[in-house]
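A.B. asks: No letters, just coordinates:
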């Protein structure tokens, strides 16, 4: 492709087709440099929540009170499960930091499940957002025993 047009009658040669654009604008620049993308904390929280729940051995997310309130709100007709319960994030322009409160199933190695959660969260966040995850802090708040009933399972004591 040429930046010139055919000379007009009486012209002395080719002339530029138009004004040349310089700098970081114009058709030749990468799309990544043509604007700014901002990712809300709540978006990253949802990604982290889903990635954590996909790890085998994770029973639920959230500390004691958050789980209790979440179980109540999950039962409200028309309500939706809060996938970001137990997740806190700090999102900067290029990096994110994650804090998680989890409940693990009895019998799983907590060290192994923490490593699996970190891998899952880092992979999901970096793949979906392009942010670098600088840390994933995990607090294990409880261990779910096989004979324990969940607040959101069962029919209750009264029928």
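C.D. replies: Looks like it arrived, so ask away. Here the structure is a predicted model, which means the values were calculated and not measured. Numbering: from 1, shown residues only.
A.B. asks: and the longest helix for the chain?
C.D. replies: helix 110-129 (DSSP state H).
A.B. asks: Output the longest strand belonging to this protein.
C.D. replies: Looking across the chain with DSSP state E, the single longest strand is strand 132-144.
A.B. asks: which strands and helices sit next to that one?
C.D. replies: Packing partners of strand 132-144 (3 or more CB pairs under 8 Å, 6 or more residues apart in numbering; DSSP states H and E): strand 95-105, helix 110-129. Just so you know, the C-beta spots here come from the backbone N, C-alpha and C atoms, and that holds for glycine as well.
A.B. asks: for the ones you listed, which one sits closest to residue 31?
C.D. replies: Among the helices and strands packed on strand 132-144, the nearest to residue 31 by CB to CB is helix 110-129 (16.6 Å).
A.B. asks: Give the rounded mean pLDDT of the closest one.
C.D. replies: In this model, helix 110-129 carries a mean pLDDT of 98.
A.B. asks: correct me, but residue 49 touches residue 98?
C.D. replies: No - at 10.2 Å, residue 49 does not count as touching residue 98 under the criterion of CB atoms under 8 Å.
A.B. asks: Give me the common contacts of these two.
C.D. replies: residue 87 (CB atoms under 8 Å, 6 or more residues apart in numbering).
A.B. asks: So these two - more neighbours on which side?
C.D. replies: Legend: neighbour count by other CB atoms under 10 Å for residue 49 and residue 98, higher for residue 98 (26 against 22).
A.B. asks: Is that one bridged to anything, and to what?
C.D. replies: Residue 98 forms beta bridges with residue 89, residue 136, as assigned by DSSP bridges.
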